[in-house]
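Asker: I would like the atomic coordinates for the input below:
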Amino acid sequence: MGKLLQRLQDASRSGVYRAARADEILDALRGSGMDVARIAFSEKESFLDEIARALEFPAWFGHNWDALEDCLCDLSWRPTPGYVLVFQNYSKGDELGVLIDVLASSAEFWAGRGTPFFAVFVDPERKLELPALFREA
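Answerer: Below is the predicted model of the structure:
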């Protein structure tokens with residue numbers, strides 16, 4: 001088992017990170033049984049719709065930030081040993097900060113239950129002030 005997969009399976013390291021590329025993460029998770037969702041970030045409404053589609057949120061999803069956190073802290077319809085959300089094509093702004101806060105809160109929730117939960121922003125230029133998921137060459 002590679003070091004990246006070991007990290008992603010460690011609930012105590014759950015959180016919000018950045019990485020230069022998605023392919024290494026996806027390759028590491030292949031065959032692991034963990035739930036991986038790729039999400040392209042755009043405007044709030046379409047983003048919320050995209051994450052709802054990617055994670056197959058139930059019909060009661062309210063399409064707002066509180067409802068997003070509620071669904072991310074439930075995920076009972078997607079039983080798995082862990083969750084990895086890979087965000088691509090995001091835009092900076094106030095909503096990105098809110099999203100990161102919601103994701104961090106969700107990661108803390110899942111870590112407290114011993115389930116890995118990682119949100120990773122693909123950031124090849126290292127512009128986001130997030131810790132790196134792993135040391136890249």
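
Asker: how about the strands in this protein?
Answerer: Using DSSP state E, the strands of the chain run over 15-19, 35-40, 83-88, 117-122.

Asker: quick one, which of these is packed in tightest?
Answerer: strand 117-122 (a mean of 24; mean count of other CB atoms under 10 Å). For glycine as for every other residue, the C-beta is placed from the backbone atoms N, C-alpha and C.

Asker: now it and strand 83-88, what's the angle there?
Answerer: Using axes from the mean of the first three to the mean of the last three CA atoms, to 10 degrees, the inter-axis angle of strand 117-122 relative to strand 83-88 is 20 degrees.

Asker: Off-centre distance for the longest helix seen in the chain?
Answerer: Longest among the helix segments of the chain by residue count, using DSSP state H, is helix 94-111. Its chain's C-alpha centre and that of helix 94-111 lie 9 Å apart, by CA atoms, centre = their mean, to the nearest Å.

Asker: Name the residues that touch it?
Answerer: 11-12, 14-16, 41, 44, 47, 65, 68-69, 72-73, 83, 85, 90, 116-119, 130 (CB atoms under 8 Å, 6 or more residues apart in numbering).

Asker: Using CSV, write out every CA atom in that helix.
Answerer: Extracted in CSV, the C-alpha atoms of helix 94-111 (Å, rounded to 0.1, in the frame of the first residue of the first chain):
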residue,chain,number,x,y,z
ASP,A,94,-16.2,34.5,-0.6
GLU,A,95,-18.0,31.4,-1.5
LEU,A,96,-14.8,29.4,-1.7
GLY,A,97,-14.1,30.4,1.9
VAL,A,98,-17.5,29.2,3.0
LEU,A,99,-17.1,26.0,1.1
ILE,A,100,-13.7,25.3,2.7
ASP,A,101,-15.3,26.0,6.2
VAL,A,102,-18.1,23.6,5.5
LEU,A,103,-15.7,20.9,4.2
ALA,A,104,-13.4,21.4,7.3
SER,A,105,-16.3,21.0,9.6
SER,A,106,-17.5,17.9,7.8
ALA,A,107,-13.9,16.4,7.9
GLU,A,108,-13.8,17.0,11.7
PHE,A,109,-17.2,15.4,12.1
TRP,A,110,-16.1,12.2,10.2
ALA,A,111,-12.7,12.1,11.9
